[in-house]
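>>> can you look at this prediction? I've put the sequence above it.
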Amino acid sequence: MRQAKILVVEDEIIVARTIASQLNQLGYIVTGTASSGKAAIAKALETQPELVLMDIILKGEMDGITAAGDIREQFDIPVIFLTAYGDDHTLERAKITQPFGYVVKPFTIQDLRISIEIALSQHKLERELRENRDQLKTLLNSMSDAVIATNEQGIITFINPAAQKLTCWQQEEALGTNVSEILHLIDELTEEIIENPVFTVLREQQVVYLGEFTSLITKDGKKVPIGDSASPLRRRPNEISGAVVVFWDLSERRQKEYLEQALKKEQELNRLKSLFISTVSHEFRNPLTVIQTAVELIELQGNNLTEPKRKTYLTRIYGAVQSMEKLMEDVLFMGKAEADKLTYNPTAINLQQFCRDLIEEFSTLESSCPEIIFTCHSDYTDAFMDELLLHYLFINLLSNAAKYSHKNANIQFSLTCNLLTGTAIFRVQDQGIGIPETDQMQIFDSFYRASNVQSIQGNGLGLVIVKKCVDAHKGKIEISSQVGVGTIFTVTLPLNQLSIIYPD
């Protein structure tokens, strides 16, 4: 047994000596005796005992209870009361000083030993717990991450300096306040309020994490992007005593991400510019070569040029001019789209009539194109859309279908208007070469052409224009394709009608 140092406070000299003797028999070291409260405090300061045996009733102005309180507060020394009084009033007074034992006289030497050992052990545990708590507090206060702890009602019981700095709430303001007032969170994208993670933890009793785009609204109204996790604090395995939230400022990281995205976008734009210049130059060179060759042949043959050959050369020139005109239109369209100057101007339009007019126009321009079979599955096809963008959209889809279709194949073009969902569904189906599955994820990228187009002419802008027209209508486009069988493009656009008037 360890030789603990003990101070005896007893105003009866004989009793004090008896207790000291008993302590010596038990192997303890008696640092001294005192007969009054003031003397006890002085002896405690002088001898630094590990425990004090204190009689409650002492002579003089200060009784044992008052002296015990001072000793506990000043020196953090545990006290065991020795008293002949076990009444409720005395017991209640003694409890205020948080004694480590209460032994009623007369007692045996064994009673004394048990009380002392329990008191020493309890005080050791209490000191270790306090030291651990102080160390934890120091650690939390020195963390760069913000920490807030609450009780089971969501009331803040702890907030470290990092959390005070990030939220702009001082400790004296935050303690005792509902956590939702301090930790005010919103979704960065929708601006909607997010449920406080503390209450999620208290309800679900498990660790939770914030979504990717979460911002804290500080006391002074600033918006700070944060990341965090919230965990339950447990009193016992199945009993939640509160929650702790650890969060951190993502401003620098978010700024870095934005800069990286901007750099990546700039690099992609530079790549597209280079590709654009080389592609457009190449596409212009081909028809210019055709025109130049045809003109030279006309000049060389002069009066010997037959009428059939003259028509052939002129047809080639006309075709080359049309090709250049189409390329210029595509380039101008892409320029507007990339500069965010592509406007959406919806007007009232009858989609069935629009489709029929479009097919007639396309068939006139493309005299050798496959037959286009149009089917309308709805009686009511009035809508509110941008007719110019629709024209760009379906001219390109029909052009692709015709360009990549097999000889003597036909093109299926259908329209369905669903008034319940408020959408128009267009399908363009060809019986062409199809698009390899590996290429389908990239067909809407600028200048990208499928790997099986071989010598079929094209500039890789048609489907890009299609996608931008669909996006302008806030619609969607889907593709289903099989090599050697054909391709189906399904375009779904909102009718965007101001009001729906059902036909009689």
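Received the coordinates, thanks. Numbering: from 1, shown residues only.
>>> for Pro225, give the beta-bridge partners.
For Pro225, the beta-bridge partners are Ser215 (DSSP bridges).
>>> now do it: how many residues are near it, please.
Using other CB atoms under 10 Å, Pro225 has 19 neighbouring residues. Just so you know, the C-beta spots here come from the backbone N, C-alpha and C atoms, and that holds for glycine as well.
>>> can you tell me the SS state at the one residue sitting closest to the centre of the chain?
With distances taken as CA atoms, centre = their mean, the residue of the chain nearest its centroid is Glu212 (1.0 Å). Under DSSP: H, G, I helix; E, B strand; the rest coil, Glu212 falls in the coil class.
>>> do you know how far it is from Val224?
The gap separating Glu212 from Val224 is 15 Å, by CB to CB, to the nearest Å.
>>> Asp471 too?
The spacing between Asp471 and Val224, counted by CB to CB, is 32 Å.
>>> so where do the helices sit in the stretch 101-250 of the chain?
Counting by DSSP state H, counting those that start in this stretch, one finds helices in the stretch 101-250 of the chain at the ranges 109-142, 161-167, 171-174, 179-182, 197-204.
>>> ok, the chain next?
Taking DSSP state H to define them, one finds helices in the chain at 13-25, 37-47, 64-75, 88-95, 109-142, 161-167, 171-174, 179-182, 197-204, 251-301, 307-338, 351-365, 387-403, 462-472.
>>> ok, Gln429 - contacts?
Counting by CB atoms under 8 Å, 6 or more residues apart in numbering, Gln429 makes contact with 401, 411-414, 486-489.
>>> just to revisit the earlier point, select, out of the helices of the stretch 101-250 of the chain, the one closest to Arg234.
Of all the helices of the stretch 101-250 of the chain, helix 197-204 sits nearest to Arg234, with 11.0 Å by CB to CB.
>>> buried stuff in the closest one?
197-202 (16 or more other CB atoms under 10 Å).
>>> and for stretch 225-241?
For stretch 225-241, the neighbour count (16+ other CB under 10 Å) marks 225-230, 232-233, 240 as buried.
>>> same thing with stretch 68-81?
By neighbour count on 16+ other CB under 10 Å, the buried set for stretch 68-81 is 68-72, 77-81.
>>> also stretch 356-371?
Quick answer for stretch 356-371 (16+ other CB under 10 Å): 358-359, 362, 369-370.
>>> and for stretch 311-318?
Buried residues in stretch 311-318, counted by 16+ other CB under 10 Å: 313, 316-317.
>>> so Val8 versus Arg236, what's the distance?
Val8 is 40 Å from Arg236, by CB to CB.
>>> how near is Ile443 to Asp471?
Distance from Ile443 to Asp471, by CB to CB: 15 Å.
>>> okay, the two: which has more neighbours?
Neighbours were tallied for Ile443 and for Asp471 using other CB under 10 Å; the higher tally belongs to Ile443 (21 against 16).
>>> can I assume the more buried one is in contact with Ala450?
Yes: at 6.6 Å, Ile443 counts as touching Ala450 under the criterion of CB atoms under 8 Å.
>>> so for the two, which residues contact both of them?
Joint contacts of Ile443 and Ala450 (CB under 8 Å, 6+ apart) are Ile435.
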